[in-house]
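Sequence first, then the predicted structure:
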Amino acid sequence: QLQLVESGGGLVQPGGSLTLSCTASGYTFADYAIAWFRQAPGKQREALSLISSSGGSSYYMNSVKGRFTMSRDNAKNTAYLQMNSLKPEDTAVYYCAAEHYQGTVISMWGRDEYDYWGQGTQVTVSS
């Protein structure tokens, strides 16, 4: 079974940056599409960004487009979310998710699309 572990969360001031990592073990990471989700208190979990299994295609929600960049290093079994210009409204628990799929990911925005989830990492943006 694929296991995912997020890291890199923490407290950052508005306008600051963080890079989250999602490290996988258990199966061939390169066979999996990856997504980053977040869930703020009292809100539903929402998808932020998607990346194809090869890393050749990535997509972003409008709320983070231009500020967040998703990437992956299949040799290191790790996906990343570089977050810049952070805002207080970015405060949430951030999750990575994976699905065994090598096709186009452009429509894979729903939670139900992904079978594997990490435990989450807290990101707090506050002065």
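Yep, it's here.

so who does the nearest residue to residue 115 once chain neighbours are set aside touch?
Spatial nearest neighbour of residue 115, excluding adjacent residues (CB to CB, 6 or more residues apart in numbering): residue 99 at 5.8 Å. (Glycine included, C-beta is placed from N, CA and C.) By CB atoms under 8 Å, 6 or more residues apart in numbering, the contact set of residue 99 is 32, 33, 35, 108, 113, 114, 115, 116.

quick one: contacts for the closest residue to the first one other than its chain neighbours?
Spatial nearest neighbour of residue 32, chain neighbours left out: residue 98 (4.3 Å); criterion: CB to CB, 6+ apart. For residue 98, the set of contacting residues under the criterion of CB under 8 Å, 6+ apart consists of 2, 4, 24, 32, 33, 34, 35, 114, 115, 116, 117.

Neighbour-wise, give me the winner out of these.
Using other CB atoms under 10 Å as the neighbour test, the contacts of residue 98 are led by residue 34, with 30 neighbours.

Okay, and the beta partners of that one?
residue 51, residue 98 (DSSP bridges).

Contact partners for it?
Residues near residue 34 by CB under 8 Å, 6+ apart: 22, 50, 51, 53, 70, 72, 79, 96, 97, 98.

Save those as TSV, and put in pLDDT and distance to residue 59 too.
As requested, these are exported to TSV (pLDDT from 0 to 100; distance: CB to CB, whole Å):
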residue	pLDDT	distance to residue 59
22	98	16
50	97	5
51	98	8
53	97	14
70	98	9
72	98	13
79	98	14
96	98	15
97	98	14
98	97	16
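
In terms of distance to residue 39, which of those ranks first?
The shortest approach to residue 39 among these belongs to residue 97, at 11.7 Å (CB to CB).
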